[in-house]
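# coordinates only, no sequence provided:
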Ligand SMILES: Nc1ncnc2c1ncn2[C@@H]1O[C@H](COP(=O)(O)OP(=O)(O)OP(=O)(O)O)[C@@H](O)[C@H]1O
């Protein structure tokens, strides 16, 4: 008997495409577990862990035939292993005592057949169980990933991605190991202990009683260790998540770490977390070692007692030699189930805490839920009515009383100081976050009433921090419109001035490195911009997408954007006068609300704060163009 110790594969979490993921056929529906909770659960669970594991039973249903076969095979196998000592007894007390050669062959053949049946059943059990447990793990993992995709940005802001990674990989594997191995053997061990003890009592009750009494300290010890083992298991699982977070942050932030020469500092932090994990794991090993030692001692002591009393009883003729041999063989067959029970119960505890950690994600409140309304003809009129927003853990509103009417086809430039809430504003339109006050409508329909899939087709967003996925440039581009034609792709590339993709080694089929790190910041932004443009939305939201472009490329992209924004309702976060000029009107964010709306020249004339904001940018532009001139001069004079 061997535990399945296959190491879980690792993966890197990436930002979500906004689409929801449909459950796969043959896999339990995610809604089976998607109970909305009133508040997001804390990272450490307070519920009874066994409840979480029990909830996941629906994932076993598609494989019930296999699980039932597994139990049937295992039960027959255990039955066969119990019958063999009884046959031995019959052989010793019958054919051997009576020198009956034919009887000896018959019983010997029977015992041999039992052994073969047992081996075949073990093979059958392993074969049927593999698909069932891997399928259960697959179903759970798919639904967990789908749930993560549906959860709002506020959830992902609160959770470390390493913790999510450790739950979706390690904890799920722990649950799978328990379902495929631990649970079966706990039940089989208990059944074997009960049946064999009953047989022993029936064979010769005084010795049976000795065996029965010896199980009392085992049960007591299991109960005593249970709480401590659960606590340590939970701690180890949380600390594994912390280590995964360190690795993930270290890998993503490697450039910053190297640039600041903080490798030693970051390593020390990682080392501290790893050491903590090592210490807790050792603490659990110590607990288990003490427990096991005790469990190993009990059967040995029992065996000595049984052997002593058994020999005396056999000498006095109170039991036959065959019965004594069968008694001892049966009793020895209990050593493994009794000793394994401790390990199996620990595995059960571990699986329960793992299930608890997984349930915390399933229980997280999905605040961004699908509406039912559908826009038949999209015009793209966007209206914000008394909109307010506060982060879940925030103490004050980031936005309040925001009112704005954007006509179909109109472009609004959103201008405001750093931290004034521009990014928050842009995240509210595609419902990456939901307003906490007021409402946003598109063509008069509250966006919370719209089907999310339609909303995110109507609204396309390009972010300040352009996330690219580990896939080809083409796949990255067509994320929002998978069926886009080559002409559409070429047009979007043209608009976003992303022609550099054609110079990549395999052109559009070049795989962009993890998080697009093999591209420059400006290239990534242009690709992300092309992605948003390609989606052909009615409402295009650009959150400072021009910030990483040099002045010349920015001018080219801006020129192209003029054409993109024709006939599209646009919200463009702008820092520079040149970007503002793309818009029909400017909305200025100040003090958490839209303080002024008007044309660029109106605001320049009447709002000193606006003037100050843009002139600061103008100064920076002047500085940048001066630097460009110096660079050009150096290039020429080199
Ligand atoms: N997850 C969060 N939890 C709490 N507060 C946040 C969170 N994210 C942003 N904020 C706060 O919300 C405010 C608005 O942030 P936002 O990113 O929208 O500013 P911004 O105008 O886009 O700034 P910038 O021009 O620098 O990009 C800031 O004060 C910021 O600190």
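Thanks, I have the structure now. The shown structure was predicted, so the numbers you read here are calculated from the model rather than taken from an experiment. Numbering: from 1, shown residues only.

# what's the separation between the residue in the stretch 101-250 of the chain that the ligand sits nearest to and residue 418?
Residue nearest to the ligand within the stretch 101-250 of the chain (CB to the nearest ligand atom): residue 157, separated by 4.2 Å. C-beta here means a position set from N, CA and C on the backbone, and glycine is covered the same way. According to CB to CB, to the nearest Å, residue 157 stands 19 Å off from residue 418.

# from the chain's centre, how far out does stretch 71-83 sit?
38 Å (CA atoms, centre = their mean, to the nearest Å).

# got a list of contacts for that stretch?
114-115, 117-118, 121-122, 124-125, 128, 184, 187-188, 191-192, 195-196, 199, 330, 333 (CB atoms under 8 Å, 6 or more residues apart in numbering).

# which among those residues end up buried?
Among those, the ones that count as buried by 16 or more other CB atoms under 10 Å are 114, 118, 121, 124-125, 128, 184, 188, 191-192, 196, 199, 330, 333.

# strands of the stretch 251-400 of the chain, start to end?
382-389, 399-406 (DSSP state E, counting those that start in this stretch).

# is residue 596 in a helix, a strand, or coil?
When classified by DSSP: H, G, I helix; E, B strand; the rest coil, residue 596 comes out as strand.

# mind listing what the closest residue to it other than its chain neighbours touches?
With sequence-adjacent residues excluded and distances taken as CB to CB, 6 or more residues apart in numbering, residue 596 is closest to residue 588, at 4.5 Å. Applying CB under 8 Å, 6+ apart, we find residue 588 in contact with 415-416, 594-597, 603, 607, 609-610, 613.

# my read is residue 588 is in a helix, agree?
No. Counting by three-state DSSP, residue 588 falls outside a helix, being strand.

# the most centrally placed residue in the chain and residue 72: what is the separation?
In the chain, the residue lying closest to the centroid (CA atoms, centre = their mean) is residue 168, at 3.5 Å. For residue 168, the distance to residue 72 equals 33 Å [CB to CB].

# sorry, back to before: show me the buried ones among the contacts of stretch 71-83 that map onto strands.
Among these, none falls in strands (DSSP state E).

# closest to residue 497 among these?
residue 128 (58.1 Å; CB to CB).

# so the closest one makes contact with residue 69?
Yes. Counting by CB atoms under 8 Å, residue 128 sits close enough to residue 69 to count as a contact (4.9 Å).

# can you pull out the helices in the stretch 1-150 of the chain?
49-55, 64-91, 97-98, 101-150 (DSSP state H, counting those that start in this stretch).

# just send these back as CSV, with mean pLDDT too.
Shown next, in CSV, are these (pLDDT from 0 to 100):
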stretch, mean pLDDT
helix 49-55, 73
helix 64-91, 81
helix 97-98, 70
helix 101-150, 83
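
# adding distance to the ligand, write these out as CSV.
CSV is the format used below for the helices of the stretch 1-150 of the chain (distance: least, CB to the nearest ligand atom, whole Å):
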stretch, distance to the ligand
helix 49-55, 28
helix 64-91, 43
helix 97-98, 83
helix 101-150, 17
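
# using a markdown table, please lay out those helices together with distance to residue 460.
Formatted as a markdown table, these follow (distance: least, CB to CB, whole Å):
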| stretch | distance to residue 460 |
| --- | --- |
| helix 49-55 | 38 |
| helix 64-91 | 44 |
| helix 97-98 | 89 |
| helix 101-150 | 18 |
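
# do you know which of those helices lies nearest residue 489?
Of these, nearest to residue 489 by CB to CB is helix 101-150, at 25.1 Å.

# so which strand or helix has residue 519?
Using DSSP states H and E, residue 519 sits in no helix or strand.

# neighbours around it, how many?
21 (other CB atoms under 10 Å).

# neighbours around residue 358, how many?
26.

# would you confirm that it contacts residue 169?
No. In terms of CB under 8 Å, residue 358 does not count as a neighbour of residue 169; the distance is 11.0 Å.

# ok and the residue in the stretch 251-400 of the chain nearest the ligand?
For the stretch 251-400 of the chain, CB to the nearest ligand atom, closest residue to the ligand: residue 391, 3.7 Å.

# what sits against that residue?
So residue 391 contacts 154, 157, 398 (CB under 8 Å, 6+ apart).

# helix or strand for the first one, which one?
Right, residue 154. Residue-wise, residue 154 maps onto helix 153-158 under DSSP H and E.

# list the contacts of that helix.
Contacts of helix 153-158 (CB under 8 Å, 6+ apart): 16, 40, 148, 364, 367, 391-393, 427, 432-433.

# top of the residues you listed by neighbour count?
Top of the contacts of helix 153-158 by neighbour count (other CB under 10 Å): residue 364, with 23 neighbours.

# do I have it right that that residue meets residue 150?
No. Between residue 364 and residue 150 there is no contact under CB under 8 Å: 9.7 Å.

# could you give the number of residues near residue 95?
18.

# next one: the one 5 residues further on
Around residue 100 sit 14 other residues, with neighbours defined as other CB under 10 Å.

# again with residue 341
21.

# ok, for it, nearest residue in space, not its chain neighbours?
In space, residue 341 is closest to residue 189, 5.1 Å off (CB to CB, 6+ apart).

# for that neighbour, give its distance to residue 269.
On the measure of CB to CB, residue 189 and residue 269 end up 43 Å apart.

# how much space separates residue 228 from residue 234?
Distance from residue 228 to residue 234, by CB to CB: 11 Å.

# neighbour count: these two, which is higher?
The neighbour comparison of residue 228 against residue 234 (other CB under 10 Å) goes to residue 234, with 21 against 14.

# double-check residue 406 against residue 568; I have them as touching.
No. Counting by CB under 8 Å, residue 406 stays clear of residue 568, with 11.0 Å between them.

# more neighbours: those two, which one.
A count of neighbours by other CB under 10 Å puts residue 406 above the other of residue 406 and residue 568, at 22 against 19.

# show me the beta-bridge partners of the closest residue to that one other than its chain neighbours.
Nearest non-adjacent residue to residue 406, counting by CB to CB, 6+ apart: residue 382, 4.3 Å away. Beta-bridge pairing for residue 382 (DSSP bridges): residue 406, residue 442.

# burial count for residue 382?
Using other CB under 10 Å, residue 382 has 26 other residues around it.

# that one reaches residue 429, doesn't it?
Yes. Under the criterion of CB under 8 Å, residue 382 makes contact with residue 429 at 6.7 Å.

# from the chain's centroid, how far away is the top helix by length along the chain?
Across the chain, the longest stretch assigned as helix under DSSP state H is helix 263-315. Chain-centre distance of helix 263-315: 32 Å, with CA atoms, centre = their mean.

# what's that helix packed up against?
helix 205-252, helix 321-332, helix 335-363 (3 or more CB pairs under 8 Å, 6 or more residues apart in numbering; DSSP states H and E).

# quick one on the thing from earlier: can you narrow the contacts of residue 588 to ones near the ligand?
residue 416 (CB under 6 Å from any ligand atom).
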